[in-house]
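In: Below are the sequence and a predicted model for it; my questions follow.
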Amino acid sequence: MYKKIVFIGFVFILAFSVSCKKKETTVPEVVFYSPHENQEFGFEDTISVHCQISDKSIIESVKLVLVDSELLPLGEAFYFYPGSTKFELETEYPLGQAEIANPNNYLLVVADNGTNFKNKYQPVLVNILEKKLEDVVILTKVSEQQIGVSALFPDKDSIVVKFTIDGDYAGSSLSSADGQLHIAGTELLNLRSYRLLDYQLEWELAPIPFFPMHNADCLHHSDLLFVANNYFNIKAYSATGNPVFTAEIGQNEKPGRIFRFNEFLLCDMQSKNSGPTSLVTWYVDSEKEKQRLFTIFEVVDYAPVFEDALFLAVNTAGMGYVKMYDPQLNELTDLAGFSEKIRSMVKTGEGEVLIAAGQDVYLYSFPGNYPQVVLPGTNAYRLKFENLSHRLYVVSGFAIDIYSFPQLDPLFHIPLNDSILNIHFHYNK
């Protein structure tokens, strides 16, 4: 009897120990057949991907994505759900939509069996597309209710008319990375985004019964499209028109020029009823207001001339001034003054700007205190500087004059029939 009890106890302990033994787990195996290691591709090529994934367990999911040398994603991620122990991944991966800055990158395959996963990196070389100017997009006032859109191509002095927009004009911006032209209006149209490839409407916001909907130069694009609405708020939108940022404004506040600088959004906040004015700073990520600097001026332009500070071109009491602002420290420094109002300012180098004031264009280099007249009698109301060709575009009422820089030799004079609202540089990426 005793032996029988001992035997039963031994069997029970053995069974219990076997049942409590940790279950063996496996990791998926990934083998690349294509592309080959360090295979070269063009910027707009499509990569033929062929790899085999196998495991003793069921493979639940497979992810394919292009990553950079720091393993950050560059393009769209593709997902597959095999539901088997072996999976042949054969697909085409397009490079044209990826934002590639360096040639050394990896195709990453992540195979997951629900318990363990395997990352397999296949190095690939991508010839980077050299940035170049495609054309200069010109917006003109055809009538009080129509905006003309034309294109000026590099090294040519002729204009190609693209299309006409029914609506009035408050501001515009262009995103080469997204391939979009944005137009905002005052009373007839709210906000529209057009595809630069064929100038078809991609998305829009319907007009609202508050006039004007926007003030002059109400748009600014820096990764996101920032829109200063005359009522209620300042918003930012993605390339698909999804709102991703909102900063509330007071009922009597009138937002002027806006500008994104590092992690901050700056706004020249004017007043609708002669109240106090201020320079307001928000954190873009959190939408929280950081600070307000009370002012007695109106901001005409911003120029990010240093990593931690930018120049402000401002007007007050019929005179123009250049000031330097550090948003982190909330410090404002006076730099230079003009006897007439400033119309435009553009950065040409670190600590260096061109300024259109009165009838002349001035060059100012920090820390100098005396701006020098470099283009007298130009009567410019907008300046644009093209960094790749080092050319200065001087916009007057009905003409664009193009100069080399820093020589400032005249290159082209382009007259137009309609008054010019704005110009934008359109690049291939």
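Out: Received it, and whenever you're ready, just let me know what you need.
In: the bottom helix or strand of the chain by mean pLDDT?
Out: Across the helices and strands of the chain, mean confidence by mean pLDDT, DSSP states H and E is lowest for helix 2-20: a mean of 46.
In: Specify the next element, helix or strand, located C-terminal of that helix.
Out: As assigned by DSSP states H and E, the chain's next helix or strand after helix 2-20 is strand 29-34.
In: So for that next one, mean pLDDT?
Out: Mean pLDDT, strand 29-34: 96.
In: Likewise for stretch 256-268?
Out: For stretch 256-268, the mean per-residue pLDDT is 97.
In: Mind listing residues that contact that stretch?
Out: Applying Cβ atoms under 8 Å, 6 or more residues apart in numbering, the contact partners of stretch 256-268 are 215, 217-218, 220, 222-224, 226, 228, 234, 236, 245, 247, 255, 269-270, 277, 279-285, 290, 295, 298-302, 304, 308, 310, 325, 327. (Glycine included, C-beta is placed from N, CA and C.)
In: mind listing which of the residues you listed are in strands?
Out: Judged by DSSP state E, these include 215, 217-218, 220, 222, 224, 226, 228, 234, 236, 245, 247, 255, 269-270, 277, 279-283, 290, 295, 298-302, 310, 325 as members of strands.
In: Would you mind giving me the PyMOL syntax to select the buried ones in these?
Out: Buried members of the ones in strands among the contacts of stretch 256-268, defined by 16 or more other Cβ atoms under 10 Å, are picked up in PyMOL with:
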select buried, resi 215+217+218+220+222+224+226+228+234+236+245+247+255+269+270+277+279+280+281+282+290+295+299+300+301+302+310+325
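In: Could you list every helix and strand in contact with the helix or strand containing Asn119?
Out: Element membership for Asn119 (DSSP H and E) is strand 117-126. Counting by 3 or more Cβ pairs under 8 Å, 6 or more residues apart in numbering; DSSP states H and E, the packing neighbours recorded for strand 117-126 are strand 29-34, strand 39-41, strand 46-59, strand 104-112.
In: ok now it, how far from the chain's centre?
Out: Its chain's C-alpha centre and that of strand 117-126 lie 28 Å apart, by Cα atoms, centre = their mean, to the nearest Å.
In: which parts of it are buried?
Out: Judged by neighbour count using 16+ other Cβ under 10 Å, the buried positions of strand 117-126 are 117-118, 120, 122, 124, 126.
In: just stretch 331-350 next, same as before
Out: For stretch 331-350, a neighbour-count test (16+ other Cβ under 10 Å) marks 335-336, 338, 341-348 as buried.
In: and Ser48, how many residues sit next to it?
Out: Residues contacting Ser48 under the criterion other Cβ atoms under 10 Å number 13.
In: Ser158 too?
Out: By other Cβ under 10 Å, the residues close to Ser158 number 9.
In: now Val305
Out: Val305: 19 neighbours (other Cβ under 10 Å).
In: Return the distance of it relative to Gly351.
Out: Val305 is 5 Å from Gly351, where distance means Cβ to Cβ, to the nearest Å.
In: per-residue confidence at Gly368?
Out: Listed pLDDT for Gly368 reads 80.
In: Quick check: the gap between it and Gly351.
Out: 9 Å.
In: Which one of those two is surrounded by more residues?
Out: Gly351 (17 against 13).
In: Spatially, what comes nearest to that one if we skip its sequence neighbours?
Out: Distance criterion Cβ to Cβ, 6 or more residues apart in numbering; nearest residue to Gly351, sequence neighbours excluded, is Phe366 at 3.7 Å.
In: Look up how far Leu152 lies from the one you found.
Out: Distance, Phe366 to Leu152, by Cβ to Cβ: 32 Å.
In: and Gly241, helix, strand or coil?
Out: For Gly241, the secondary structure call by DSSP: H, G, I helix; E, B strand; the rest coil comes out as coil.
In: Tally up the residues packed near it, please.
Out: Using other Cβ under 10 Å, Gly241 has 15 other residues around it.
In: Could you pull up the residues touching it?
Out: By Cβ under 8 Å, 6+ apart, the contact list for Gly241 reads 193, 202-205.
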